[in-house]
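> Fold the following.
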Amino acid sequence: MPLVTLTVRRPKDAGFKNAVLDSVHAALLTSGVPKDDLFHRVLELDASDFRFDPKYPDVASQRDDRFVLIEILLSVGRSVKVKRQITHDIVTRLQAGGFDPENVMIVFCETRWENWSFSGGRLIHA
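Purely as a prediction, here's the structure:
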């Protein structure tokens, strides 16, 4: 169950947020995540609450207010190859939608299966 969090600078319209979320979910589906495994959130922050360097570490073009930080929390076990494919799929889909790929940062964070309680306080994988 990936948990996807987008962090963006305010204001972003629904079209922007949906384009990113849809691209991420489509990429996750191609990696084997079930279609209904959909847990996404958007953090939309003022510029004073979301700071980023426009060029660190070696971006080809400077980041701007359309910069999006995509955090994907998932259970351990995905290979680097799978993560590279997810990353490639997300960036390719966003680029096709007019996003500058240099404005996209993706971070994977892994947790063990027993750390998920999907509902009712049940730890079904523990």
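> Could I get the contacting residues of His9?
In this structure residue 9 is Arg, not His. Residues near Arg9 by C-beta atoms under 8 Å, 6 or more residues apart in numbering: 44-47, 50, 65, 67. Placement of C-beta: from N, CA and C, glycine included.
> Let me see the ranges of the strands in this protein.
With DSSP state E as the criterion, the chain has strands at 3-9, 40-45, 68-75, 104-111.
> Select, out of those strands, the one closest to Lys55.
strand 104-111 (12.5 Å; C-beta to C-beta).
> angle of that closest one against strand 68-75?
Relative orientation of strand 104-111 and strand 68-75, computed by axes from the mean of the first three to the mean of the last three C-alpha atoms, to 10 degrees: 20 degrees.
> list the helices and strands strand 104-111 packs on?
Packing contacts for strand 104-111, counted by 3 or more C-beta pairs under 8 Å, 6 or more residues apart in numbering; DSSP states H and E, involve strand 68-75, helix 80-96.
> how about the strands of the chain, which one is nearest Arg84?
Per C-beta to C-beta, nearest to Arg84 of the strands of the chain: strand 104-111, 10.4 Å.
> Relative to Leu73, how far out is the nearest residue to Ser75 once chain neighbours are set aside?
What sits nearest to Ser75 in space, not counting adjacent residues and going by C-beta to C-beta, 6 or more residues apart in numbering, is Trp113, at 5.1 Å. Per C-beta to C-beta, to the nearest Å, Trp113 is found 13 Å from Leu73.
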